[in-house]
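Trainee: Compute the structure for the input listed below.
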Amino acid sequence: MASKSRASLRDEFDDLYEGYEDSSVLGAQKDILEDPGLQRAIQSSHGERDRLGTARRNLLSSRLGIQTAKPVPRPIQTPKLTTGNKNSDAYRPASSIRGAGYTAKSGRSSASSGVGSPSGRLSSGTPVMVPTIEPGENDQPARAAINEFRRLEREVQTILDDAAVLVVQNQHAKAIEKMKQSEKMRRKLHEIPDWNPAERKSHLDPLLLKMSWYNAEVLVASHRLDDAMKVYVELRNTVGPDEQLSVLMRIALLHRRRKEYEQALKLLHKLLDDLPTDQSHDRLVVLREAAACHALTGRWDTAYKYCQMILQDTDGPEAAFNSLVCLVALKSDSKRIESAFVKLVSLKADFSATPGDRMDPGVSEEYKEMISHDSLFMWEKQRKQKLELYILNAAQLVANLDSDAISGYEWCIEQAKNAGRTDILSALEIAKANTYLKAENFAKTLEVLMSHDTDEEEPNLRAQSCGMLAFLNFHLGNFKLSKENADKAYEANKLSLQACLNKGCLEYKEDNFSAALQYFQEALILNSADFRASYYAGMTLKALGNYQDALTVFMKLNSVHLNRPTVLYQISQIYQLMEEPAEAFAQLEKIYTLHPREPFILRQLGELADKLGDKGAALWYYNESHRIFPLNVDVLNWLGRFFVASQFPEKAITYFEQASKIE
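Mentor: You can find the predicted model right below:
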């Protein structure tokens with residue numbers, strides 16, 4: 001073989017396929033169709049089966065409205081295998097697929113492509129029709145129903161999203177209106193015609209269930225508990241077994257909010273029996289709600305048992321604090337209460353004070369500042385603040401068990417030191433200072449607060465202690481020290497509302513009204529709903545002579561805090577400064593309606609009635625003021641002058657004599 005040349009090898013293989021290309025495709029097809037064996041097979045049961053299948057396919061095609069092509073017998077040709085160079089004489093088919101006429105260049109068959117050839121043609125080149133599948137007339141109504149449902153579904157989802165946003169923004173009335181629109185859409189969904197029952201159930205029922213959930217949550221957020229209860233009861237009869245527990249939980253919560261504690265406890269006990277053991281989170285929620293209901297009904301011992309069951313599964317600060325509250329309410333011995341406080345203080349706070357505490361030293365300050373408002377870190381910060389609040393409230397309960405609250409706070413501080421909770425020590429010290437302040441022990445209060453006036457102190461706590469020092473020195477008359485402490489508090493934490501208010505009040509005291517207004521405006525930026533900041537800003541604007549802006553501020557306050565006497569009086573004063581006595585009189589009448597035995601308001605009303613020329617009303621208001629408080633010299637002098645002008649000197653002498661004795 002090695003001595004043979006390539007030409008001789010090629011000649012030998014060509015002999016093997018001699019006559020391969022001599023046969024005609026059409027001739028081969030004619031020969032095979034006339035073959036006796038094939039004719040006998042066609043006339044057998046196999047042939048009948050093929051005709052029966054063809055008939056069935058034609059019947060099905062006619063019912064569906066599908067156009068089918070006539071079955072064309074596939075031409076049979078001799079395989080054509082080639083190898084070698086295509087341009088050479090030795091070229092032959094390489095495989096049976098290529099030999100059968102299939103090529104890799106053929107694309108996806110179209111509506112006119114043939115069956116049995118990827119190129120859409122038979123090997124002979126004859127084009128063949130392929131059946132096209134088009135929807136019949138009977139499918140059109142069902143498809144129209146689905147399209148209509150999808151259009152309405154998009155509109156419903158938009159309405160539900162808008163309602164959720166309005167609830168977050170506390171615009172509950174608008175959210176209720178959105179849910180009314182969703183109810184109209186519910187009717188439209190039910191009115192969709194020509195809908196298959198199976199598809200209706202699989203598409204419509206989940207959407208209606210979702211709308212009911214949204215409706216119930218919006219009603220709860222809008223404090224329409226009775227309507228929400230009706231929706232949840234309907235949901236209870238509609239949802240599957242997997243969602244029954246969620247519905248029962250919400251119904252129990254509604255019973256608790258409606259102060260129907262027995263009904264709530266009945267459902268909560270049922271949930272505890274039905275909940276599987278692996279759903280620990282749901283069991284904890286049910287136990288917490290059951291403990292709250294028992295506490296609200298005065299069954300503190302049962303509430304304490306539920307809290308202990310919670311603490312067996314988790315070290316939650318809420319359950320530990322509630323256990324201590326139950327013990328205090330039960331008037332247990334001091335050792336059990338102190339043990340509960342130690343357990344609360346010993347809870348580990350797995351949070352960092354700042355995001356940088358968990359980072360490598362090489363991280364830049366810009367990056368630390370950027371992630372300081374990260375949602376996860378803010379969540380951890382809120383948990384830490386919540387735990388600190390529980391400890392402070394528990395310390396207040398423990399400290400006030402005995403008459404000596406100071407020693408109680410000192411014991412709590414000692415336990416916090418033993419537990420390593422240095423982050424809570426300053427807050428406990430300030431709470432102890434508040435106790436000294438309530439006892440009017442100003443020296444001890446100053447001593448405790450001044451110990452925290454250091455640069456090493458945490459900024460918020462230093463601002464709090466310096467703010468208390470400013471307040472105390474202000475009321476003790478030490479205005480210079482008060483201003484220094486207010487400056488320190490403001491520098492320690494410029495985002496402290498109390499620090500801004502203290503600075504503004506001290507500037508107002510020194511008649512620096514422009515600077516005071518600036519600090520009050522900063523306080524309003526920090527909390528626009530704060531009453532003190534708005535009230536002080538209005539007072540400062542009035543002192544600056546800007547009566548219109550001051551009136552606007554007090555009118556806004558009156559719209560929020562309706563008929564508050566201090567606000568009404570300031571509005572009346574501004575109207576008097578604007579020389580509008582009738583408006584001022586109307587505001588004072590509102591105060592008189594709220595406090596009819598206020599002699600100062602009665603005198604003011606008499607004075608304004610006199611300016612308006614109503615002497616009879618003025619006399620009545622002055623007489624009422626004198627009857628309630630007969631020692632007001634201004635009232636006595638006015639009554640004396642009135643009776644002199646009315647030519648009743650005897651009565652006038654009586655009032656003037658009383659005024660002289662008082663003076």
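Trainee: buried residues in the one helix or strand R532 maps to?
Mentor: In this assignment (DSSP states H and E), R532 forms part of helix 531-543. Residues A533, S534, Y535, Y536, A537, G538, M539, T540, L541, K542 are the ones in helix 531-543 that count as buried (16 or more other C-beta atoms under 10 Å). Every C-beta, even on glycine, is put in place using the N, C-alpha and C of the backbone.
Trainee: pLDDT below threshold where in the stretch 151-300 of the chain?
Mentor: Low-confidence segments of the stretch 151-300 of the chain (pLDDT under 70): 278.
Trainee: If we use 50, what do you get?
Mentor: Judged by pLDDT under 50, the stretch 151-300 of the chain has no weakly predicted residues.
Trainee: From S323, how far out is Q521?
Mentor: Between Q521 and S323 the computed distance is 46 Å (C-beta to C-beta, to the nearest Å).
Trainee: sorry, that was for K417
Mentor: Counting by C-beta to C-beta, the gap from K417 to S323 is 23 Å.
Trainee: For Q521 and S323, indicate the residue with more neighbours.
Mentor: S323 (26 against 14; other C-beta atoms under 10 Å).
Trainee: so which strand or helix has the spatially closest residue to N322 that is not a sequence neighbour?
Mentor: Nearest residue to N322, sequence neighbours excluded (C-beta to C-beta, 6 or more residues apart in numbering): C307, at 4.9 Å. Assigned by DSSP H and E, C307 belongs to helix 300-313.
Trainee: Over to Y232?
Mentor: Short version: Y232 belongs to helix 225-236, going by DSSP H and E.
Trainee: Distance check, the residue nearest to V560 when sequence neighbours are not counted against L557.
Mentor: Nearest non-adjacent residue to V560, counting by C-beta to C-beta, 6+ apart: A529, 7.8 Å away. Distance from A529 to L557, counting by C-beta to C-beta: 11 Å.
Trainee: Who has more neighbours out of the two?
Mentor: The neighbour comparison of A529 against L557 (other C-beta under 10 Å) goes to L557, with 21 against 8.
Trainee: three-state assignment of the more buried one?
Mentor: helix (DSSP: H, G, I helix; E, B strand; the rest coil).
Trainee: same check, this time on V448
Mentor: V448 ends up helix, using three-state DSSP.
Trainee: which ones are touching it?
Mentor: E429, I430, K432, A433, Y436 (C-beta atoms under 8 Å, 6 or more residues apart in numbering).
Trainee: what do you get for S182?
Mentor: S182 sits next to V156, I159, L160, A163, M211, Y214, N215 when contact means C-beta under 8 Å, 6+ apart.
Trainee: Now the buried members of those.
Mentor: V156, I159, L160, A163, M211, Y214, N215.
Trainee: Drop everything from those that is not in strands and list the rest.
Mentor: Within the buried ones among the contacts of S182, no residue falls in strands by DSSP state E.
Trainee: and those as a markdown table, adding distance to L449?
Mentor: Formatted as a markdown table, these follow (distance: C-beta to C-beta, whole Å):
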| residue | distance to L449 |
| --- | --- |
| V156 | 59 |
| I159 | 56 |
| L160 | 53 |
| A163 | 50 |
| M211 | 57 |
| Y214 | 52 |
| N215 | 53 |
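Trainee: Of those residues, which is the nearest to G640?
Mentor: Closest approach to G640 among these (C-beta to C-beta): A163, at 68.2 Å.
Trainee: if we can go back for a sec, the residue nearest to N322 is in contact with G316, isn't it?
Mentor: No. With contact defined as C-beta atoms under 8 Å, C307 does not reach G316; the gap is 9.4 Å.
Trainee: Who has more neighbours out of these two?
Mentor: Using other C-beta under 10 Å, the more surrounded residue of C307 and G316 is C307, with 27 against 17.
Trainee: S202 versus the more buried one, what's the distance?
Mentor: 45 Å.
Trainee: Neighbours of E583, how many?
Mentor: Using other C-beta under 10 Å, E583 is surrounded by 15 other residues.
Trainee: right, and it touches I574 too?
Mentor: No. Taking contacts as C-beta under 8 Å, E583 lies outside contact range of I574: 9.2 Å.
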